[in-house]
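Asks: can't give you the sequence, but here's the structure:
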């Protein structure tokens, strides 16, 4: 089979299998929506924006049987203004600050309105590194509106206590004093967790110390040396069983894939987690090396049905293919490069959803991938409106809309891949991820657009205007006919929402005959376009978008032959008179178009009350060349070629 892109012989009539189980996606969505429910309760303090966090050391004592946490957080920071003498941390009021230490001395502070305000005894110089430590304690579940710290049990036959955190987007202040921010990442992090014997603590980065400190307690010290946004700092504590899978890179570099699982889940988990290495290898090949390759990737079981993409250690409700792929994908899209505003949440969730489908395409079957995209498309077009861009971030249901932020965001990427081709698309996305300031930083949609434009050498303004900012989707009606090997293909587009008058996108058509087949790629620029194409075989079948590349309402797609063996136009070529016969009915309308798309003859026999099954048309007024004649009989229109000599 060959693929052809056609721009010639265009006549424009300017009249104006296995799927990603929906239950799996809904499980992910339920978990993530829940974690975001209280986003709007957060109000950023202007004072927290006056310093940059360089390093934090979080030391906590967590016993999953005891609803209490003891902690110390040391923050190294650089002032962003001169004469810096006041700083603040975000911390819920139900946690109690015992003291604040600066240069070895206790200093005054207040704790009110969910903010710890610290008055430093001296003015600090701009951009000079300094540090402060906050000691605190309390019940992190008491009136916690974020549900960012949970005590629970697992193994209901023999209940075992568990404690875990989930801070996205602004729940970290519910269990430790921090700076909640989508503009400032922590450059470097240590998490030191004291647990009761028999338990393990999972967290970010590498486990550098695991030791017994007395008869009843152990310490787990995790070190992370990559920038991390506050909401991705996490801890989980229970009687985990730990085991490690490995991904071996060329040159024998090894990435450990650490799994902390419940003892009752170990046997099943060991059969499921090895697929993670295959997924990492795949995403490496498509988007660049795993961004935290100097440390680890891992999973820690916790008590929700979905998951959370904590940096280097995703918390998992299960270890099924879709959830593993989704949370792993976030390590590139959401963690290493984080959406810089909730208007652009699709940069996290649309990518994670599409990469889950890509994992199926490459590790399962092409049919699985296409079925997933078909289901995703059906989910998007079940309503007529809605953009990928989140206009109102105060609308919680819209922010985490499975239809728009996840599925339509994924399909937008799918169409960019189709429009640009695999080589350019993946090169552009790699450039996006590796752009200085975006890698280990924050990004907006325009950053992705620029990277794709640089890779492709073409403007994507119209594409993003239509598909990202615009609402709705196109609907297509397809008509086709042929005379011998001459194919006539008419494409009519309507749109589901008035915000977009026309969606620009190349359209694929599979054309086959007894002797050959081909894939045509056509790109209409108006809502009603007819292409006439000279093939090297006689077409007998035409399929629109057989590989599911185009976001449109598939249940309105109609592919109907326009020519009929009962219509006869002769002679061909003709010089003076052209005869038109319909052997099974009457002819009501005849129109002739030249190759520029201009209507050069228009006869409505019904209005003139001269309906019959045959007519002769005087074509002496036509110039020599090729024309298309459209013949209507009330139930449809057939189009055929003829030549005037």
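Replies: Thanks, I have it. As the structure is a computational prediction, the values presented were derived from the model and not from experiment. Numbering: from 1, shown residues only.
Asks: pLDDT below threshold where in the stretch 401-550 of the chain?
Replies: Within the stretch 401-550 of the chain, not a single segment meets pLDDT under 70.
Asks: let's see it at 80
Replies: 481-484 (pLDDT under 80).
Asks: the strands in the stretch 501-645 of the chain, which residues?
Replies: For the stretch 501-645 of the chain, the strands defined by DSSP state E, counting those that start in this stretch occupy 507-513, 517-522, 528-534, 539-544, 559-561, 567-570, 577-582, 589-593, 599-604, 614-618, 625-632, 637-644.
Asks: which one of those strands lies nearest to residue 327?
Replies: strand 507-513 (32.5 Å; C-beta to C-beta). Glycine gets a C-beta too; all of them are placed from N, C-alpha and C.
Asks: is the residue nearest to residue 593 when sequence neighbours are not counted in a bridge, and if so with what?
Replies: Counting by C-beta to C-beta, 6 or more residues apart in numbering, residue 593 lies nearest to residue 628, which is 4.9 Å off, once chain neighbours are set aside. Counting by DSSP bridges, residue 628 is bridged to residue 593, residue 641.
Asks: residue ranges for the helices of the protein, please.
Replies: For the chain, applying DSSP state H gives helices covering 22-36, 266-272, 275-287, 321-332, 346-363, 366-380, 396-399, 409-420, 422-434, 445-456, 461-464.
Asks: surely residue 324 meets residue 316?
Replies: Yes - counting by C-beta atoms under 8 Å, residue 324 does reach residue 316; the two are 7.4 Å apart.
Asks: for the two, list the residues in contact with both.
Replies: residue 299 (C-beta atoms under 8 Å, 6 or more residues apart in numbering).
Asks: tell me which of those two has more neighbours.
Replies: residue 316 (25 against 22; other C-beta atoms under 10 Å).
Asks: ok, the more buried one to residue 210 distance?
Replies: Going from residue 316 to residue 210 by C-beta to C-beta, to the nearest Å gives 21 Å.
Asks: quick check, pLDDT for residue 557.
Replies: With respect to pLDDT, residue 557 scores 43.
Asks: Provide a list of residues in contact with residue 163.
Replies: Neighbour list for residue 163: 62, 63, 64, 149, 150, 151, 152, 235, 236, 237, 238 [criterion: C-beta under 8 Å, 6+ apart].
Asks: could you tell me which of these count as buried?
Replies: Those of the contacts of residue 163 that meet the buried threshold are 62, 63, 64, 149, 150, 151, 235, 236, 237, 238, by 16 or more other C-beta atoms under 10 Å.
Asks: separation between the fourth one and residue 170?
Replies: Taking C-beta to C-beta as the measure, residue 149 and residue 170 are separated by 14 Å.
Asks: same list, the helices of the chain, but as a markdown table with distance to residue 644 please.
Replies: Formatted as a markdown table, the helices of the chain follow (distance: least, C-beta to C-beta, whole Å):
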| stretch | distance to residue 644 |
| --- | --- |
| helix 22-36 | 56 |
| helix 266-272 | 69 |
| helix 275-287 | 54 |
| helix 321-332 | 59 |
| helix 346-363 | 50 |
| helix 366-380 | 44 |
| helix 396-399 | 57 |
| helix 409-420 | 38 |
| helix 422-434 | 43 |
| helix 445-456 | 42 |
| helix 461-464 | 38 |
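Asks: how about the ones you listed, which one is nearest residue 192?
Replies: helix 321-332 (23.3 Å).
Asks: tell me which other helices or strands that closest one touches.
Replies: helix 22-36, helix 275-287, strand 297-301, strand 307-308, strand 314-316, helix 346-363 (3 or more C-beta pairs under 8 Å, 6 or more residues apart in numbering; DSSP states H and E).
Asks: contact partners of the fifth one?
Replies: Contacting residues not belonging to strand 314-316 are listed as 164, 166, 202, 234, 236, 297-302, 304, 307-308, 323-324, 327-328, 330 [C-beta under 8 Å, 6+ apart].
Asks: re earlier: so which of the buried ones among the contacts of residue 163 comes closest to residue 74?
Replies: Nearest member of these to residue 74, counting by C-beta to C-beta, is residue 235, at 16.4 Å.
Asks: that closest one reaches residue 195, doesn't it?
Replies: No - at 9.6 Å, residue 235 does not count as touching residue 195 under the criterion of C-beta under 8 Å.
Asks: kindly tell me how buried residue 643 is, as a neighbour count.
Replies: Counted with other C-beta under 10 Å, the neighbours of residue 643 add up to 13.
Asks: and if you look at residue 478?
Replies: Residues near residue 478, counting by other C-beta under 10 Å: 19.
Asks: repeat that for residue 83.
Replies: Neighbours of residue 83 (other C-beta under 10 Å): 11.
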